[in-house]
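K.L.:
My questions concern the predicted model and sequence given below.
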Amino acid sequence: MEDSQIVELYWARSEQAITETSDKYGGYLRNISWNILRSHGDAEECVNDTYLRTWNAIPPARPSALRVWLGRIARNLSLDRWKQSRAQKRGGDEAALLLGELDACIPAPHGTEKALEDQEIAALISLFLRDLSPETRKIFLRRYWYGEDLTTIAACLGCSQGKVKSSLFRTRKALRAYLEKEEVLL
Amino acid sequence: MSGERLFRILGLVDEDLIEEAGTDSSPTAIQRRSTPWGRYLAAAACLTLMCGLGLAWLVTGGFHGMGAAAPGESSGAGGGIAHDNEPLYTDGSTVFMSYAGPVLPMTTEESDPGLTAERTTSWDFAPGTYRDGSPRQWSAVVTDRYMLANPTETDTTVTALYPFTGSFSELAEAAPTVTVDGVKTEAVLYAGAYAGGFRGVYEEDGLDDSTWNLHPPASWTDYQALLEDGSYLSQALRENPALDIPVTVYEFTDFEAPTEEYEAATQAISFTIDKSRTTILTYGFNGASWDEDTGWRQYDYFVPDGVRGESEVKVLIVLGDDLQDYTLQGYANGACEENGKIDGVSCTIIRREATLEEALGNLCRAYADQYMDHLPMEMANIFDSVSMELFQDAVAELLTQYGVLSGEGLVDRYSDGRLDDLISEALTQERVLYLRFPVTVPAGGSITVSASLWKAPSFDFGCSESDNVDLQGYDLVTHLGSTLTFTIQRASLVNTGGIELVRQNVGFDLKNGKAEVELSPDEAHYYLEVRPLEATP
């Protein structure tokens, strides 16, 4: 079913909307959740929570890119769940690894930074990403948006793990320099 | 924890980047999706997200909109999703998923300027760079040069018009620079109406006659249909009549709600109208419900909480008979359900009378203010290139051509009277824009007018698995809509080291050093499709 038709089902308050969302994007959402949580049970619950959040948000929202919109919700819910499960020492620590890598992108404070809203910082990062080569950009977003591990990224893009690793290292370093130049406070 | 915040912020990066990253590109990945149905699903999901036109293209084998030539036989080898169709127009040019519009010829406001013209159009493919310094072969700088000659014995002054395709949002990078005998000339910008149409997703199969989706121009023939009788240009140059329709404006301010307890606290206003006598336009509202039989309407918005970046401008505009009475009600969220009613939601409503012209002007300015408040550094400001008057005219044009004031022309997309959609889309819709400037050609002499512009190519989306993903298409039309008498036209290529020619009807032969060609006066359209050498499989 077309995304616009699924959105219309939400607007019509038809529960079929959730069935259609699950049929079309269930696997994709489970992958995102699994990449962060490494626990099938937790991932499944996050996906179900994603459907509930979507049901509550549409209407009034009318997402233009449903797939990305759903992925964002699943990603945030999974991170919340990871924080909760880490306290209870459940699941894997893939997310800790991911977030630790991203710590390397955080600019050093100089006291002149601007406090920007998340959306504004995201717009700046989008500009940064657009100036990378397509392959470098894909590697970075597969790791830090989709949460994929190095093996998966290398297999999907047909390159070596070493290349993925060094590309990520260079991009993190470049992003940090960019954010410092833009005086972004994180 | 900074890494965590950055992780969440990364969730908000542009959707097209996320889509691009989500596509597989290794041979094994493609093989995993090699069954026809699986490929169809994967590509359909991807394409529809990238562009509403994508699925229709897949299903039908090509766009056929608005006078486009019918796609001819496939020339391609099989393999990917789009390979079964790999559509070409009958002249051999590619049916691209995203069409950039042709380079159009200069014209004049006078129907018979009495000037002859020698035209030379060149594409410069000097590569740019990504931020990391690696070369980036994308787009071309086009120089469109005219030697205008005056064969008469008196000086001739004409008003020249240089047309180009694009949207307001692209102007900062795509607006041409015009010179006369090497001196930059100040030109005034005029804008034609939205150049595309509207369609349903399954229109080609006869399953869907709705008009919910934009259908931008898909081939040079769409522009031919638009420009050849001159009415589009006339409309672009005329002064639009003021919308001096009296309206009643209801402005919502002083918002209050228990947003700490209810994150999505919602304010709704409901009333009943006779829809044959009253028309409602809204701005800043997030939802609407209505009953066609009784005339009951409800409009609602999330109560601004100072945290979300949405507009705090909330306006209802009433055309025709004013509201007799209305009810305000607060809700826990946007579902506005009976069991979700809450107390503590309030606002002040200011009622005033105005003209639609004034009301639209206020909203356009409010939109521009909010746009500029949220403009990221390094991004060009649209309103440096587009005047408020031009912007408001474009919004009014949409409202009267396709919106609730258009009568028979009303499209589904704008049928609910949400001005937010009209105002934002006026900035991004494809149109033909014109630079207007005077030129004087001395008796028996000549001058050279040159327009230089950055031209993005036509292309297929990266996730489509089409054979044409790396192809960049450029179109040129020779005399469409022009009043000039062309004595000769030439085309040339510059800095071609980073590209190879894949399809063309111009006659370039780079291997044998033929980078300049004389064009036939009988050929209305030339196409050039190149592939960056770095992307050659």
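P.N.:
In hand now; what should we look at?
K.L.:
Against chain B - does the worst-scoring helix or strand of chain A on mean pLDDT have any residue that ends up touching it?
P.N.:
Each helix and strand of chain A was given a mean pLDDT (mean pLDDT, DSSP states H and E); the minimum falls on helix A:94-103 at a mean of 82. Yes: with Cβ under 8 Å from any Cβ of the partner chain as the criterion, chain B is reached by helix A:94-103 at A:Leu98, A:Leu99, A:Gly100, A:Glu101, A:Leu102, A:Asp103. In this view, the C-beta of every residue, glycine as well, is placed from N, C-alpha and C.
K.L.:
just stretch A:71-86 next, same as before
P.N.:
Yes: for stretch A:71-86 and chain B, the contact criterion (Cβ under 8 Å from any Cβ) is met by A:Gly71, A:Arg72, A:Arg75, A:Asn76, A:Leu79.
K.L.:
what about that stretch, average pLDDT?
P.N.:
For stretch A:71-86, the mean pLDDT works out to 86.
K.L.:
May I have it exported as CSV, CA atoms only?
P.N.:
Output for stretch A:71-86, consisting of C-alpha atoms alone and laid out as CSV, is shown next (Å, rounded to 0.1, in the frame of the first residue of the first chain):
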residue,chain,number,x,y,z
GLY,A,71,12.4,5.0,11.9
ARG,A,72,13.1,8.2,13.9
ILE,A,73,10.5,7.2,16.5
ALA,A,74,11.8,3.6,16.7
ARG,A,75,15.3,4.9,17.1
ASN,A,76,14.4,7.3,19.9
LEU,A,77,12.3,4.7,21.7
SER,A,78,15.0,2.1,21.4
LEU,A,79,17.5,4.5,22.9
ASP,A,80,15.2,5.2,25.8
ARG,A,81,14.7,1.4,26.3
TRP,A,82,18.5,0.9,26.2
LYS,A,83,19.0,3.4,29.0
GLN,A,84,16.4,1.6,31.0
SER,A,85,17.7,-1.9,30.3
ARG,A,86,21.3,-0.8,31.0
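K.L.:
Against which helices or strands is the least confident helix or strand of chain A packed?
P.N.:
helix A:16-37, helix A:66-87, helix A:134-144, helix A:161-181, helix B:2-10 (3 or more Cβ pairs under 8 Å, 6 or more residues apart in numbering or on different chains; DSSP states H and E).
K.L.:
The helix or strand following it packs against which elements?
P.N.:
Per DSSP states H and E, helix A:94-103 leads on to helix A:118-130 as the next helix or strand towards the C-terminus. Helices and strands touching helix A:118-130, by 3+ Cβ pairs under 8 Å, 6+ apart, are helix A:134-144, helix A:161-181, helix B:2-10, helix B:15-21.
K.L.:
and the first one, which residues are buried?
P.N.:
Of the residues in helix A:134-144, those buried under the neighbour-count criterion (16 or more other Cβ atoms under 10 Å in any protein chain shown) are A:Pro134, A:Thr136, A:Arg137, A:Lys138, A:Ile139, A:Phe140, A:Leu141, A:Arg142, A:Arg143, A:Tyr144.
K.L.:
Likewise for the longest one?
P.N.:
Within helix A:161-181, the residues that qualify as buried by neighbour count (16+ other Cβ under 10 Å) are A:Val164, A:Ser167, A:Leu168, A:Thr171, A:Arg172, A:Ala174, A:Leu175, A:Arg176, A:Tyr178, A:Leu179.
K.L.:
just the third one next, same as before
P.N.:
Residues of helix B:2-10 classed as buried: B:Gly3, B:Glu4, B:Leu6, B:Phe7, B:Arg8, B:Ile9, B:Leu10 (neighbour count, 16+ other Cβ under 10 Å).
K.L.:
and it, anywhere near chain A?
P.N.:
Yes: applying Cβ under 8 Å from any Cβ, one finds helix B:2-10 in contact with chain A at B:Ser2, B:Gly3, B:Glu4, B:Arg5, B:Leu6, B:Phe7, B:Arg8, B:Ile9, B:Leu10.
K.L.:
pLDDT averaged over that helix - what is it?
P.N.:
Across helix B:2-10, pLDDT averages out at 86.
K.L.:
Which other helices and strands does that helix contact?
P.N.:
helix A:66-87, helix A:94-103, helix A:118-130, helix A:134-144.
K.L.:
7 Å - rerun?
P.N.:
Here helix B:2-10 touches helix A:66-87, helix A:94-103, helix A:118-130, going by 3 or more Cβ pairs under 7 Å, 6 or more residues apart in numbering or on different chains; DSSP states H and E.
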